[in-house]
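1. I would like the atomic coordinates for the input below:
(2 chains)
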Protein chains: 2
Amino acid sequence: MSLAAATATERLPDGDWSTPIQSGWDIRGNANGGYLLALAGRAMLAHSGRAAPVSLTAHYLSPGKAGPAFVRASTVKAGRQLTTVRAELVAGSPGDGAGRTVLALLGAFGELDSAADDQPRWIDAEPPALPPLAECLASADQADPIEVGLRRRVQVALHPDDAGFYTGEPSGTAQIRGWFNLRDDEPIDPVALLLAADAFPPTAFNARMPRGWSPTVELTVHIRARPAPGWLRARFTSRYIRDGMLEEDGELWDSADRLVAQSRQLALVARPESP
Amino acid sequence: MSLAAATATERLPDGDWSTPIQSGWDIRGNANGGYLLALAGRAMLAHSGRAAPVSLTAHYLSPGKAGPAFVRASTVKAGRQLTTVRAELVAGSPGDGAGRTVLALLGAFGELDSAADDQPRWIDAEPPALPPLAECLASADQADPIEVGLRRRVQVALHPDDAGFYTGEPSGTAQIRGWFNLRDDEPIDPVALLLAADAFPPTAFNARMPRGWSPTVELTVHIRARPAPGWLRARFTSRYIRDGMLEEDGELWDSADRLVAQSRQLALVARPESP
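-> Numbering: from 1, shown residues only, chains lettered A, B, ... in the order given. Model (predicted):
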């Protein structure tokens, strides 16, 4: 199933957007956070009438299980450059009165293509140095005690230096670098970047933290440019894990060496006993 | 006027929160973005009934001028650990029907003190190395063609290496480091961190970008801990200014060398001709 199909949405008579949560984009039965962000983001984008998400923030309120769901969106402001939309992704059928809010969202949508490349620039960043794809470790091939359906939906291949946690040898550095692509040559559009921003294993796995469910409180993704065709290179790092919280910063670079998305999430440190 | 007084709020009969925008916390007559975030954050915090903000995102929709304003808040979810609130900060008087939305917000509020320091930790970050306060440059003392009322409301003192833009000699690196405090020994509470996260000059001033109005699209602040008494040390950096957009990442460290807040904003690159 393509991401486009898994995030397909249509407007319902009452104005909500139908956004069923598809099966298989999950980790242990709970839909991946990046998939949920792409799902809701696609509907909010349609609501905005714009070309692409520019900044999207989600708060994660409850797990998303495969099944009917909808996005209730409202436009806060339709400006010249940006349209600001707030929304909730609700599990359940609209109108049945028993919905459960999965995400609360706030985002800005605009025309990425109008951001001309001739504007002033200043850059102190570069794509992660990765070995060729064939020398990286495809997550779908790893033996992993955690059942990650998502691994069969996307293509993620980790830098060998960052993949030791799979075999009980975490690197000791809270970093995960790797390649990302959709399957079957599906093009990566800006909405797909929302998925990619949360489709890698947690950095904490390499920091020798307890391995368990680390619930995301909040995730913000900034879409900086429309990606050129091809695999993305990704780098995720955490710098400060303390007081029960951690941040995870992500960068996604396209095949033309352009930074196409930045992400940051705040998560709670995993409690080993949690499901 | 203390920050506490400038962000004082009370519940109105219709359930909104009165949050007048006070004069003097401005840049060229427009209220500073950090002040607006603290103003709205204080009201959302009251709405949540919790102890402190944990994560707060604001989209900046229109300038905030001194005058009557209110926050319309609604609780999305009151969970065990966190309460999620969405809100709008509206300029105008509730009920007069002519309000203009200044900020759209989404935040999580909780009990920072419950984040025990005995949890697992992993740290790869440290406070910025700053010369003693007396050797830094108080922004209030600088000759600056831009009228920044905020400089008289807070105490900001820049690392000498990062203050050259004041005299037409930007450092060439998109970084601003310095000390921060409120005036008159007012304690820095978690809401004050929301102000501090956007109270420094833009990093772009040091990157030799056109100096002008660089509108914030979105600002997220994560409050990581309740600050110990005393001055904060701050570091703001930008790594990628391109395609008409830039990110600015901030860190605030307290006197006990604890990271108390992280921030990231997405802004539009300044257009020199803009007001």
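
2. From the chain's centroid, how far away is stretch A:8-19?
-> Relative to its parent chain, stretch A:8-19 has a centroid offset of 22 Å by Cα atoms, centre = their mean, to the nearest Å.

3. So which bits of it are buried?
-> Along stretch A:8-19, these residues count as buried under the neighbour rule (16 or more other Cβ atoms under 10 Å in any protein chain shown): A:9, A:16-19. C-beta here means a position set from N, CA and C on the backbone, and glycine is covered the same way.

4. again, but for stretch A:174-188
-> A:174-182, A:188.

5. and which of those residues is nearest to chain B?
-> Proximity of the buried residues of stretch A:174-188 to chain B (Cβ to the nearest Cβ) peaks at A:A174, which lies at 5.8 Å.

6. which ones are touching that closest one?
-> By Cβ atoms under 8 Å, 6 or more residues apart in numbering or on different chains, the contact set of A:A174 is A:203-204, A:206-207, A:237-239, A:241, A:246, B:122, B:124.

7. Give me the buried subset of the residues you listed.
-> Buried among the contacts of A:A174 by 16+ other Cβ under 10 Å: A:203-204, A:206-207, A:237-239, A:241, A:246, B:122.

8. May I ask which helix or strand encompasses A:A125?
-> In this assignment (DSSP states H and E), A:A125 forms part of neither any helix nor any strand.

9. now A:S214
-> Here A:S214 is assigned to no helix or strand, by DSSP H and E.

10. My read is that it contacts A:P202, right?
-> Yes: if you go by Cβ atoms under 8 Å, A:S214 and A:P202 touch, sitting 5.7 Å apart.

11. Find the residues that touch each one of those two.
-> By Cβ under 8 Å, 6+ apart, the residues touching both A:S214 and A:P202 are A:A267.

12. What residues does the stretch 1-150 of chain A have near chain B?
-> A:54-55, A:57, A:59, A:61-62, A:76-77, A:79, A:81-82, A:84, A:86, A:88, A:101, A:104-106, A:108, A:112, A:115-117, A:119-125 (Cβ under 8 Å from any Cβ of the partner chain).

13. could you say what helices and strands the longest helix along chain A packs with?
-> Counting by DSSP state H, the longest helix found in chain A is helix A:33-48. Using 3 or more Cβ pairs under 8 Å, 6 or more residues apart in numbering or on different chains; DSSP states H and E as the contact test, the elements touching helix A:33-48 are helix A:3-6, strand A:17-18, strand A:52-60, strand A:69-78, strand A:83-91, strand A:100-110, helix A:190-196, strand A:216-223.

14. Show me the shaky parts of the stretch 101-250 of chain A.
-> Confidence mapping of the stretch 101-250 of chain A against pLDDT under 70 gives the ranges A:113-117, A:145.

15. 90 instead, please
-> Along the stretch 101-250 of chain A, the model assigns pLDDT under 90 to residues A:112-121, A:139-149, A:151, A:208-214, A:243-244.

16. mind listing the strands in it by residue range?
-> In the stretch 101-250 of chain A, the segments counted as strands under DSSP state E, counting those that start in this stretch are A:122-123, A:137-138, A:154-158, A:175-182, A:216-223, A:232-237, A:240-242, A:245-253.

17. which residues are contacting the fifth one?
-> Strand A:216-223 is contacted from outside by A:33, A:37, A:52-60, A:112, A:190, A:193-194, A:197-198, A:245, A:260-268, B:54-55, B:57, B:82, B:108, B:218, B:220, B:222, B:245, B:247, B:264, B:266, using Cβ under 8 Å, 6+ apart.

18. swap the cut-off to 6 Å and go again
-> If you take Cβ atoms under 6 Å, 6 or more residues apart in numbering or on different chains as the criterion, strand A:216-223 is touched by A:33, A:53-60, A:190, A:193-194, A:197, A:261-267, B:55, B:108, B:220, B:266.

19. can you check the longest one too?
-> Here strand A:245-253 makes contact (Cβ under 6 Å, 6+ apart) with A:127, A:193, A:196-197, A:203, A:232-238, A:259-267, A:269, B:224, B:262.

20. Pull the contacting residues for A:G34.
-> A:G34 neighbours (Cβ under 6 Å, 6+ apart): A:195, A:197-199.

21. just wondering, since we're on the nearest residue in space to A:R226 that is not next to it in sequence, how far is it from A:P127?
-> Residue nearest to A:R226 in three dimensions, not counting chain neighbours: A:L112, with 5.0 Å by Cβ to Cβ, 6 or more residues apart in numbering or on different chains. Separation of A:L112 from A:P127 (Cβ to Cβ, to the nearest Å) stands at 19 Å.

22. now swap in A:A8 and tell me
-> For A:A8, the distance to A:P127 - Cβ to Cβ - is 31 Å.

23. if we can go back for a sec, compute the inter-axis angle for the longest helix of chain A and strand A:83-91.
-> Helix A:33-48 runs at 130 degrees relative to strand A:83-91, counting by axes from the mean of the first three to the mean of the last three Cα atoms, to 10 degrees.

24. Check the average confidence over helix A:33-48, would you?
-> Average pLDDT, helix A:33-48: 98.

25. angle of that helix against strand A:154-158?
-> Using the same axes, to 10 degrees: helix A:33-48 against strand A:154-158 is 130 degrees.

26. How about helix A:33-48, which residues are buried there?
-> In helix A:33-48, counting by 16+ other Cβ under 10 Å, buried: A:33-48.

27. about what we covered before: dump the buried residues of stretch A:8-19 to JSON lines, plus pLDDT.
-> Listed next are the buried residues of stretch A:8-19 as JSON lines, based on pLDDT from 0 to 100:
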{"residue": "A:T9", "pLDDT": "98"}
{"residue": "A:D16", "pLDDT": "96"}
{"residue": "A:W17", "pLDDT": "97"}
{"residue": "A:S18", "pLDDT": "97"}
{"residue": "A:T19", "pLDDT": "98"}
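
28. Roughly how far does A:R151 sit from chain B?
-> Distance, A:R151 to chain B, by Cβ to the nearest Cβ, to the nearest Å: 25 Å.

29. Which residues are in contact with that residue?
-> A:139-140.

30. switch the cut-off to 8 Å
-> A:139-140, A:144.

31. cool, A:A163 as well?
-> A:136-137, A:142.

32. does A:I27 really touch A:V148, like I thought?
-> Yes: using Cβ under 8 Å, A:I27 is in contact with A:V148, at 5.0 Å.

33. how much space is there between A:L252 and A:A69?
-> 26 Å.

34. again, but for A:T220
-> Taking Cβ to Cβ, one finds A:T220 at 21 Å from A:A69.

35. Next: A:L3.
-> From A:L3 over to A:A69 (counting by Cβ to Cβ), the distance is 16 Å.

36. What is the neighbour count of A:R264?
-> Applying other Cβ atoms under 10 Å in any protein chain shown, we find 22 residues neighbouring A:R264.

37. Oops, could you answer that again for A:S23 instead?
-> 14.

38. and it, what is it in contact with?
-> A:66, A:149.

39. how about 7 Å then?
-> Listed by Cβ atoms under 7 Å, 6 or more residues apart in numbering or on different chains, the contact partners of A:S23 are A:A66.

40. repeat for the one 4 residues further on
-> Contact partners of A:I27, counting by Cβ under 7 Å, 6+ apart, are A:146, A:148, A:150.
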